[in-house]
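In: Structural data only, the sequence is not supplied:
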């Protein structure tokens, strides 16, 4: 399989921040992408978004990503869309412009290709009015940064076919995004309606000097922002209602709606003075951090939050974290072990990068994260011999019974990590492995880990011989590795030769 | 020191969900709390909130918490406030009731005691109008769950003294909360203004069948909710504006305010039909999860998100995570090592609990988390001999050079963990330790870790003898432990005796 989705060729018309995000999402799911954007700097801008996206994906997941799709910049819209299965339009937010561009796409694309518009507010019925095949036009409204935020609002117009909505949702779900179908079209859909309401109120608060922009942001990020990353508005209030439930909460909270709080529903005049006030306060808030630095901080935080949610609900995953876990499962399921791994050397099993969450206050990778990467290395070996999730769920697994780690050097934030595994010995129940971890380029050996793995019947809770299917895949590796030198560091113990004696 | 804050006695009038949250915050910061709440079930409700808070704190931080303050339920308001330094009022949201209760507090409390009101919308000027000492009355508006969300909006009325606001902020900051001063009083302050605007829009979207409550929540939690947990509205938009900056963004986005999107600023009629519609959709969304289950999921997610943010900005911490990191620093700084640790047995150094983020898909603690707890154990030993953060920042530290872990049993979600440390040997440069980890009650030994630590000059990047001050604190432990039996498992290596040979 070359792509995770039921399609292998996409086209992106418009390659700005949003278009670039779509390009990254498609490429990283193994889909080839043709791009048309007449902007003279389109290639540079797309390249920057792609670099951000690849860095973020590298931090987000250790799952085996598919080979990236092929990226082609085209000289014409026609060339870009002519054999595409999904065309995503991300041109500036003007109805006349979008209609013209969508008309050109409609004329040049295969009749059954899906056409998604990234509009954040225009009605799909208005966008599709003049198309020959309006039934395959829909809104697919993503959120910035598109390569990390999973949401896509899917909105159909009057002429959109139900099958179009279903196909669009299936593709988005397959590439790890969260396609949410909005029942009825409405200007600005759901997300931007909510944002707009809050934004309007926020502008009044700044204009009237109730607070400055930093205070307002702090109010959000130290309180309901933390709630909303995991649950939304209604589920949060359901809890607030307590055992009495949602209806009770509404009865309690409802009256506030008629309080004088609602007076600020007028539209604020965003005049020069207010723009300058907000601009100056925002400069102060940024405290010298550049947009690039803020962007990197934001992305690393998003990675950390999603990874935290992946551990939610007792390890099952919750919200955006559950979505990531499911995506990784699909990546793992499609990752067929290499047909003929190179057995003439230790196996190269894990490639990853030092995540920001792995760093201690010294700027070095924290001790236990070395073991995390070695654990991933062992998991990769086990997948190679057929011990995958299905195998574990069926009631057998290998458990680590002993680990000996030697630290040789420090790995630093963002450095590439690469691990190798040599099988020192094995029998029906045990595998004795020796891993090495390398960081940076040129690579430095930063640590080794020797482990003894024991095959167990997890239900009975005791050691058991591995089945023939597993041993048959294990044996060729063991035989080949028997021809390698035993690592001179294997079998060592701590502190025997020159036991320290305090002075 | 018995409290982290510049006060040691607080009173809480009203002990519901919000009052209970305040009680937990004070107690866990080492402050004694007297409570008055005439509700017949007040003790049960406060007890439940406290149990949630202690569980959440246990997961949130391994920093050495202060001994809990003393909790006393009083038979009268007068008894509760008579010697309090901070009185927090959390009675139902009715102006007449709050005025009466605040009047009683004002009459019975010391004249210089701070009086905070938890009101989420009433004006402090209205609350303080009839007080004898109105200058010490302010709004301290927290967010649910109060024991985990750090925000408190501090709002003064016309009669509030500036010194009151300063004192209130200092106390909140000291106990790990985030006191944010709102410049001018306004009904609903800043947070609930923003929430109210979004809530109003949300009710329209449900009423008009644009989407259901689950879809609306998904729109939030898969997109801007993830952004807002770390940055707020304006900082997020600053990034969206790109290098052109905030003023450019406003120029681009401003016009939307006058689009038809703004038509939904009327107040929705929250009639029986709409209440029932939302109630039914909310039931469907909860999918059988009880309020207690949702509450636990929410709290564990909040813990995970805040811990992820603690690793933000390359390990410096960001937003609510930076706040936690700073709080932990203060806890560590005030935690004086025990005067006379018991040297007749291995040192008991770490007590913690299996955090939800530590669990793998089997429901067991993940391999590398064992090393995390052993690393914390080593850190605790090092603090005991004077190797603390200041020591490390001055350019010296102990690095782990080798670790040998043996897994004996599995630790499960939520189980209490306890570790011990025995020094096997030491010299001027090295410490050889043997840790044991116990889980649950009665305790089972689940793992051991043997480590060799090396004293280093971190700037020069090489081993160096530890200074006399450190050796002087190390030596008595080494001497005492020399009288203990050497752990029989120490000095072992992996797979030497019966090396497996594949069948």
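Out: Received, thanks. What you see is a predicted model; the values in this text were computed from it and never measured.

In: hey, let's count contacts and neighbours off CA atoms from now on
Out: Noted.

In: residues in contact with the closest residue to residue A:222 other than its chain neighbours?
Out: Excluding the flanking residues, the one nearest residue A:222 by C-alpha to C-alpha, 6 or more residues apart in numbering or on different chains is residue B:151, at 5.1 Å. Contacts for residue B:151 (C-alpha atoms under 8 Å, 6 or more residues apart in numbering or on different chains) come out as A:219, A:222-223, B:142-143, B:177-180.

In: Who does the nearest residue to residue A:425 once chain neighbours are set aside form a beta bridge with?
Out: By the measure of C-alpha to C-alpha, 6+ apart, the closest residue to residue A:425 outside its immediate chain neighbours is residue A:432, 5.2 Å from it. Judged by DSSP bridges, the bridge partners of residue A:432 are residue A:425, residue A:452.

In: Is residue A:432 in contact with residue A:490, as I believe?
Out: No: assessed by C-alpha atoms under 8 Å, residue A:432 is found out of contact with residue A:490, at 9.8 Å.

In: Which neighbours do these two have in common?
Out: Common contacts of residue A:432 and residue A:490 (C-alpha under 8 Å, 6+ apart): residue A:450.

In: For the stretch 401-503 of chain A, what lies in contact range of chain B?
Out: Contacts of the stretch 401-503 of chain A with chain B, taken as C-alpha under 8 Å from any C-alpha of the partner chain, map to A:401-408, A:413, A:425-428, A:430-432, A:450-452, A:475, A:478, A:490-496, A:499-503.

In: Which members of those are positioned in helices?
Out: A:475, A:478 (DSSP state H).

In: returning to what we had before: the residue nearest to residue A:425: how many residues sit nearby?
Out: Look at residue A:432: counted by other C-alpha atoms under 10 Å in any protein chain shown, it has 23 neighbours.

In: ok, now which ones touch it?
Out: A:423-426, A:450-453, B:495, B:500.

In: can you tell me the average pLDDT over stretch A:248-268?
Out: For stretch A:248-268, the mean per-residue pLDDT is 59.

In: quick one on the thing from earlier: what bridges to the residue nearest to residue A:222?
Out: Residue B:151 has these beta-bridge partners by DSSP bridges: residue B:178.

In: correct me, but residue A:89 touches residue A:15?
Out: No: counting by C-alpha under 8 Å, residue A:89 does not reach residue A:15; the two are 9.2 Å apart.

In: On the pLDDT front, check the residue nearest to residue A:219 when sequence neighbours are not counted for me.
Out: Leaving aside its sequence neighbours, residue A:219 sits nearest to residue B:191 (C-alpha to C-alpha, 6+ apart; 6.0 Å). Model confidence at residue B:191, given as pLDDT, is 95.

In: Let me know how buried residue B:191 is, in neighbour terms.
Out: Neighbour count of residue B:191, defined by other C-alpha under 10 Å: 24.

In: Just want the phi and psi numbers for residue A:454.
Out: phi -120, psi 130 (degrees, to the nearest 10).

In: residues touching the closest residue in space to it that isn't next to it in sequence, list them.
Out: Spatially, and ignoring its direct neighbours in sequence, residue A:454 is nearest to residue A:430 (4.7 Å; C-alpha to C-alpha, 6+ apart). With contact set as C-alpha under 8 Å, 6+ apart, residue A:430 has these partners: A:452-455, B:500.

In: for the most centrally placed residue in chain A, helix, strand, or coil?
Out: Nearest to the geometric centre of chain A sits residue A:148, at 5.0 Å (C-alpha atoms, centre = their mean). When classified by DSSP: H, G, I helix; E, B strand; the rest coil, residue A:148 comes out as coil.

In: I'd like the distance between it and residue A:58.
Out: 12 Å (C-alpha to C-alpha, to the nearest Å).

In: what ranges do the strands span in chain A?
Out: Here chain A has its strands, by DSSP state E, at A:9-13, A:32-36, A:71-73, A:86-89, A:114-117, A:137-142, A:151-156, A:178-181, A:347-353, A:396-407, A:416-426, A:430-439, A:444-457, A:462-463.

In: Let me have the ones you listed in JSON lines, adding distance to residue A:244 as columns.
Out: Below are the strands of chain A laid out as JSON lines (distance: least, C-alpha to C-alpha, whole Å):
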{"stretch": "strand A:9-13", "distance to residue A:244": "50"}
{"stretch": "strand A:32-36", "distance to residue A:244": "52"}
{"stretch": "strand A:71-73", "distance to residue A:244": "55"}
{"stretch": "strand A:86-89", "distance to residue A:244": "46"}
{"stretch": "strand A:114-117", "distance to residue A:244": "43"}
{"stretch": "strand A:137-142", "distance to residue A:244": "36"}
{"stretch": "strand A:151-156", "distance to residue A:244": "32"}
{"stretch": "strand A:178-181", "distance to residue A:244": "30"}
{"stretch": "strand A:347-353", "distance to residue A:244": "48"}
{"stretch": "strand A:396-407", "distance to residue A:244": "44"}
{"stretch": "strand A:416-426", "distance to residue A:244": "52"}
{"stretch": "strand A:430-439", "distance to residue A:244": "55"}
{"stretch": "strand A:444-457", "distance to residue A:244": "45"}
{"stretch": "strand A:462-463", "distance to residue A:244": "47"}
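
In: Show me what stretch A:60-71 is in contact with.
Out: Residues outside stretch A:60-71 that contact it (C-alpha under 8 Å, 6+ apart) are A:2-4, A:26-35, A:303-304, A:307, A:328, A:331-332, A:335, A:351-352.

In: re the thing from before, could you report the pLDDT at the residue nearest to residue A:425?
Out: pLDDT for residue A:432: 96.

In: show me what contacts the closest residue to residue A:291 other than its chain neighbours?
Out: The shortest distance from residue A:291 to any non-neighbouring residue, by C-alpha to C-alpha, 6+ apart, is to residue B:239 (5.7 Å). If a contact means C-alpha under 8 Å, 6+ apart, then residue B:239 has A:291, A:294-295, B:245-246 as its contacts.
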